[in-house]
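# mind looking at a prediction? Sequence and model below.
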Amino acid sequence: MKPLVEFCASNVSSYTQSVLDALENDPDLDVDVLEYGCLGYCGECYMLPFALVNGKLVQAETADELLTKIKNKIREDEEDFPY
């Protein structure tokens with residue numbers, strides 16, 4: 001099963017569009033990237049860039065930092081549970 005990265009549409013419009021695009025266009029990553037109207041993290045949504053990686057919340061101060069954290073989380077998950 002491929003890693004799953006989920007984004008909130010409101011957070012994408014404010015912070016994470018570049019992260020979503022980078023994940024979708026990275027030839028070295030084989031991930032499913034989905035965008036939903038709401039992920040239920042409304043407090044976080046308006047404050048910081050975030051995504052869910054395999055159901056786990058990943059947050060960062062900047063979009064670039066979020067992208068790095070997402071890739072690190074995917075690698076960690078692959079070590080624990082190879083896809």
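Arrived safely.

# and for the biggest helix by length in the chain, what are the contacting residues?
Counting residues, the longest helix found in the chain (DSSP state H) is helix 63-80. Outside helix 63-80, the residues that touch it by Cβ atoms under 8 Å, 6 or more residues apart in numbering are 3, 5, 15-16, 18-19, 22-23, 29, 31, 49-51, 53-54, 56, 58-60. Every residue, glycine included, has its C-beta placed from N, CA and C.

# residue 6 in helix, strand or coil?
Look at residue 6: counting by DSSP: H, G, I helix; E, B strand; the rest coil, its state is strand.

# quick check: bridge partners of it?
In this entry, residue 6 is beta-bridged to residue 34, residue 52, by DSSP bridges.

# ok, it to residue 38 distance?
11 Å (Cβ to Cβ, to the nearest Å).

# the more surrounded of the two?
Neighbour count, other Cβ atoms under 10 Å: between residue 6 and residue 38, residue 6 has more, with 16 against 11.

# contacts only, for that one.
34-36, 39, 51-52.

# could you do residue 19 as well?
Applying Cβ under 8 Å, 6+ apart, the residues contacting residue 19 are 7, 49, 51, 63, 66-67, 70.

# would you mind pulling up the elements that the helix or strand bottoming out on mean pLDDT in the chain packs against?
In the chain, no helix or strand scores lower on mean pLDDT, DSSP states H and E than helix 42-45, which sits at a mean of 80. The helices and strands touching helix 42-45, judged by 3 or more Cβ pairs under 8 Å, 6 or more residues apart in numbering; DSSP states H and E, are helix 9-11.
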